[in-house]
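**Q** Sharing a sequence plus its predicted fold:
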There are 2 protein chains.
Amino acid sequence: MPIYEPPVRDLQFVLHDLLKLSQSDLPGHSDLDPEFTEAILDAAGKLSSEVLAPLNRVGDEQGCVLENGVVRTPEGFDKAFEAMKEGGWTALDCDPEYGGQGMPYVLGTAVGELFVSANMAFNMYQGLTHGAYSAIHAHGTDEQKQTYLPKMVTCDWTGTMNLTEPHCGTDLGMLRTKAEPQDDGSYLITGQKIFISAGDHDLAENVIHLVLAKAPGGGEGTKGISLFIVPKFLVNEDGSLGQANGVSVGSLEEKMGIHGNATCVMNYDGAKGWLLGDLHKGMRAMFTMMNEARLGVGLQGYACAVPAYQNALAYAKDRLQGRAVTGAKNPAGPADPLIVHPDIRRSLMDQKSFLEGARALALWGAHLIDRTHMANDADAEGMISLMTPVIKGFMTDKGLETTILAQQVFGGHGYVEEWGMSQFVRDARITMIYEGANGVQALDLVGRKLAQDGGKHVMAFFEMVKSFCKDHSEGPLADDFIAPLKAASKDLQTAAMFFMERGMKNPDDALAGSYDFMHLFGHVTFGLIWARMAVTAQAALDAGTADEAFYRTKLATGRYYMKRQLPMTATHLARIQSGADTVMALEAEAF
Amino acid sequence: MPIYEPPVRDLQFVLHDLLKLSQSDLPGHSDLDPEFTEAILDAAGKLSSEVLAPLNRVGDEQGCVLENGVVRTPEGFDKAFEAMKEGGWTALDCDPEYGGQGMPYVLGTAVGELFVSANMAFNMYQGLTHGAYSAIHAHGTDEQKQTYLPKMVTCDWTGTMNLTEPHCGTDLGMLRTKAEPQDDGSYLITGQKIFISAGDHDLAENVIHLVLAKAPGGGEGTKGISLFIVPKFLVNEDGSLGQANGVSVGSLEEKMGIHGNATCVMNYDGAKGWLLGDLHKGMRAMFTMMNEARLGVGLQGYACAVPAYQNALAYAKDRLQGRAVTGAKNPAGPADPLIVHPDIRRSLMDQKSFLEGARALALWGAHLIDRTHMANDADAEGMISLMTPVIKGFMTDKGLETTILAQQVFGGHGYVEEWGMSQFVRDARITMIYEGANGVQALDLVGRKLAQDGGKHVMAFFEMVKSFCKDHSEGPLADDFIAPLKAASKDLQTAAMFFMERGMKNPDDALAGSYDFMHLFGHVTFGLIWARMAVTAQAALDAGTADEAFYRTKLATGRYYMKRQLPMTATHLARIQSGADTVMALEAEAF
């Protein structure tokens, strides 16, 4: 069975050395000292490694089954879900008014990494509930909040997002699901939704579906869309469950991975629903869920690659094959361990330097969310809005790459399901697709986020890089970290300028380079994050830490990223600067 | 069900426009005019699209089953195998002395692409037979050839390669399978082999295993290894089948993909075997199979991505989603087809430009094999020896990438097994692993092939690029093709020089960059191939072809490769030049 070791030490480094969480001016943050968060992470890690991780392959092998209209989850999922609820983990960063523990989102994200790494498919049941909770919390009436949130905070009831229909996913303007207003203020919802993760299961008493549909009187396209709360079982006035609503599972999808999560076709046949937020402004409410979901998927992208790396590393240390070219390292044995070989080292360093950078970026992003919500910080809100497509798109692409690298270390054993490496790849693959395929993320970044608020946020990003580089332009890290970061950032600025100049005349010139731009942005962001971590690590070393090995390793890992990954920016820039000419040269018929 | 359209026109372009097959001075090639090869490719294409392709998902869903010690293949495989045999396809490029049709290997490769694209798992039963045939053909005694080859040419008997053991794959020097000499000149083979593709099945009367084992008196490591012929059923003097040999299937592996092919654990319990080739020189004989297998896997790498691309293209033309940013292209419909969007176009062009370059490279490689065998051309032999790790390693890495790009075009539908896009990805994944994991290919390239025969072959490669560039330095293709090829080739030469200078002092400096070098070499080779195809296409246009659209599309596709893919060489070079410092900085314990 694959191993999983919760990386608590590294999470603590990001929370405290890098983000200095307990020194933040945000409400309640002063209590979040290293001892406290370590205790939380240790407890979540224990649940992850001892309860969730052992069910990961079980979920993959058994999958979910539709029986008599009801979805049955894999063996052991029910008990694990109870353990998750009993530990209060579903309530961690929820509003105390509805039974939550009021912890910051950044801590919820750190804990989330552990759960996702251990069992991504399982964790989606509560992850989607959190998204639906957030949408109701932000847009619901008091009555809606009182009715649904306490039960969703505990995951006695879980939640879903219902967007996609058979003929439309990205282009929601075409959706056909209808909402007919009733005299009592409710609506009757009719239509079919597909790809509904956690659409039904046997882990909770009720499922609260948030459903996009068109009510009469709305405009064409996305303007006419509203969001509705459609519970699986209607809720009586006293909060008890009433009769079954007109919603049913049509079928379960057979998928490449995340078999432990039920991906449902949901049929709404005049199901009773209630408007969430304003009529005809459902896209806005939906994006509350969606933005959270995109950050969550970015987190999945790297988190599901963490155990892949850990297993590849263990295998590389254990498997004896060949001799080091510079002389035997294990002369008493029949061969040296794989890890002596430079190409295996390259693979492991690629994985390690990505994962540690990704962890820091995900938590920085979560910290920005906290600043947005707890301090009404508009700059933080703009920055996380800009970074969301980068976090989702870049980190999931690189996450899949990482699982593939990890699988490759195993040779033929990586291809055999028994070792579990295939599952990491198959599970990771979905993260590039759902909550907006990565091409859509790139479009969002280049077509929307770059110019948002007059380009203010991207300018703020460049300013942040510039001032950081200026502050650290002298000293031991100047050559290895600051110089390459500067060069990479210049590539990014050149690309942004290219889009501004050329995109006005021919938008295809910008969009043909959008995917490369997303990756270019991702690399520069990782370069910045690694340079910051390096400064932090160097400071700890200079101050005389007791944990010297940890900080030296951090510096060495960062140096690898700067030397080996950051040079990708030049290639991305070259592609971007080639514009749309070669991309759009062929007529569709000529393919 | 996924579509598959045999790309006969494009194969014909490579065989005749590019390689000018029928103008070759090789024996029998003058008969291979375009009409003749078109008839062959059409017939093979018909079998591929009508018989093999419809069984591809069947094979994936049903897989192989071990029942009472015998492997049962998926429904329909037996009839399809009969059709393959009856059509004489298994004999196409085999020696007429043993019932083959004596066609050149390049034609067998072209036909092979069609079979692999249609059903990779199925085609492995005959593909491995061909490898075993070649080894016996090259190293067998007359008696062995007479006994085995006629039945293997027809695939009445199939073949396998038995190398890997549980504790060793790449490092064959550690293998434990024993061969004990008997008085009658045979050996008794005892040991366990794993990952044996097509190790057993119900498609043929007999399976001829070629097994690496250690006989007494050999040296340590790979020096003591010999190759043995171990038939499943012993063959009587009259050629009829005798008693079952002491070889059995221990179990079948559950794999990520290629479910239609039986991957067996083979147990040899004193099985009767006969030495193939010289005692203690089994590695040499094995490499006859292995080199062919590596080229075959390179072919698989792109061939299994061909239908992935075709389906992505069809979906991109069919699926309506969003509007073109430059104005509606399908104003009468509810949305424009996906193909109008620049980022979808980028993805399709990445796929198309890779696949067409790969097809040309695979066939050029096969042509070099023909020159080697039919004309004893030592330069051709040196060139294909150099190119083998590039063809295997680069084309399988890019092949997987291509299937992932194709899958991504489908959005959520790509993740659902029903559409078949997941299978292409899962099947493609093995090609990076078997017949030498791609890291081993990179090691072979940098550690062995670069310096082979005093560096003669790599110098010949550079000379070929140089003289081609010189010949075409003026004219309409100079800017778009020749200039970027020159720049990319310069990057490759710089990298090779870096290895020569630094690799002597510290071999880690070369090996840490080996994987990047393999990709760098791949890109330059593709650049050369595309420039050659461009020259060919331009010549056809200048001559006033009736098929103008085809040649213009070829030029546009090549331009895309040069602009969008070739810039990768700069990044690979930068990584290579960073040496081993950051790669090897950490002690193994520090990970």
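**A** Great, that's in hand.

**Q** any idea which element the residue lying closest to A:Leu210 once chain neighbours are set aside lies in?
**A** The spatially closest residue to A:Leu210, leaving aside those adjacent along the chain, is A:Ala132, at 5.2 Å (Cβ to Cβ, 6 or more residues apart in numbering or on different chains). Any C-beta I mention is one placed from the backbone N, CA and C, and that applies to glycine too. Assigning secondary structure by DSSP states H and E places A:Ala132 in helix A:120-139.

**Q** Need the CA coordinates for that helix. PDB is fine.
**A** Output for helix A:120-139, consisting of C-alpha atoms alone and laid out as PDB, is shown next (Å, rounded to 0.1, in the frame of the first residue of the first chain):
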ATOM      1  CA  MET A 120      -8.800  13.100  -2.800                       C
ATOM      2  CA  ALA A 121     -12.100  11.400  -3.900                       C
ATOM      3  CA  PHE A 122     -13.200  11.100  -0.300                       C
ATOM      4  CA  ASN A 123     -12.400  14.600   0.600                       C
ATOM      5  CA  MET A 124     -14.600  16.000  -2.200                       C
ATOM      6  CA  TYR A 125     -17.800  15.100  -0.300                       C
ATOM      7  CA  GLN A 126     -16.900  17.700   2.300                       C
ATOM      8  CA  GLY A 127     -15.000  20.000   0.000                       C
ATOM      9  CA  LEU A 128     -18.100  20.600  -2.200                       C
ATOM     10  CA  THR A 129     -20.200  21.100   0.900                       C
ATOM     11  CA  HIS A 130     -17.800  23.900   1.900                       C
ATOM     12  CA  GLY A 131     -18.300  25.600  -1.400                       C
ATOM     13  CA  ALA A 132     -22.100  25.400  -1.200                       C
ATOM     14  CA  TYR A 133     -21.800  26.600   2.400                       C
ATOM     15  CA  SER A 134     -19.900  29.600   1.300                       C
ATOM     16  CA  ALA A 135     -22.400  30.500  -1.400                       C
ATOM     17  CA  ILE A 136     -25.300  30.300   1.000                       C
ATOM     18  CA  HIS A 137     -23.300  32.200   3.600                       C
ATOM     19  CA  ALA A 138     -22.600  35.000   1.200                       C
ATOM     20  CA  HIS A 139     -25.900  35.200  -0.700                       C
END
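
**Q** Which element is encountered next along the chain beyond that helix?
**A** Tracing the chain C-terminally past helix A:120-139 and defining elements by DSSP H and E, one meets helix A:142-153 next.

**Q** Surely A:Cys94 forms part of a strand?
**A** No. The assignment for A:Cys94 by DSSP: H, G, I helix; E, B strand; the rest coil gives coil, which leaves it out of any strand.

**Q** now stretch A:469-486, how far from the chain's geometric center?
**A** Taking the mean of its C-alpha atoms, stretch A:469-486 sits 30 Å from the chain's own mean (Cα atoms, centre = their mean, to the nearest Å).

**Q** Is it in proximity to chain B?
**A** No. Judged by Cβ under 8 Å from any Cβ of the partner chain, stretch A:469-486 stays clear of chain B, getting no closer than 8.9 Å.

**Q** list the buried ones in the longest helix seen in chain A?
**A** The residue-count maximum for a helix in chain A (DSSP state H) belongs to helix A:342-375. By neighbour count, and taking 16 or more other Cβ atoms under 10 Å in any protein chain shown as the criterion, the buried residues in helix A:342-375 are A:342-374.

**Q** that older thread, quick one, the helix holding A:Ala132 and helix A:342-375 angle?
**A** In terms of direction (axes from the mean of the first three to the mean of the last three Cα atoms, to 10 degrees), helix A:120-139 departs from helix A:342-375 by 20 degrees.

**Q** so for the longest helix of chain A, what's the average pLDDT?
**A** The predicted model assigns helix A:342-375 a mean pLDDT of 97.

**Q** is chain B contacted by it?
**A** Yes. Among the residues of helix A:342-375, A:342-349, A:352 lie within reach of chain B under Cβ under 8 Å from any Cβ.

**Q** helix or strand right after that helix?
**A** Per DSSP H and E, helix A:342-375 leads on to helix A:378-409 as the next helix or strand towards the C-terminus.

**Q** Could you list the residues of the stretch 251-400 of chain A in contact with chain B?
**A** A:253-257, A:313, A:317, A:320-322, A:325-326, A:334-335, A:337, A:339-349, A:352, A:400.

**Q** Dihedrals phi and psi, A:Ala332?
**A** Dihedral angles phi and psi of A:Ala332 (degrees, to the nearest 10) take the values phi -80, psi -20.

**Q** How much space separates it from chain B?
**A** In this structure, A:Ala332 lies at 15 Å from chain B, with Cβ to the nearest Cβ, to the nearest Å as the measure.

**Q** Could you show which parts of the stretch 101-250 of chain A are in contact with chain B?
**A** Proximity of the stretch 101-250 of chain A to chain B is assessed by Cβ under 8 Å from any Cβ, with A:164, A:167-171, A:174, A:194-195 identified as the residues in range.

**Q** One more pass at 10 Å, please.
**A** Among all residues of the stretch 101-250 of chain A, those adjacent to chain B (criterion: Cβ under 10 Å from any Cβ of the partner chain) are A:164, A:166-174, A:194-195, A:221.
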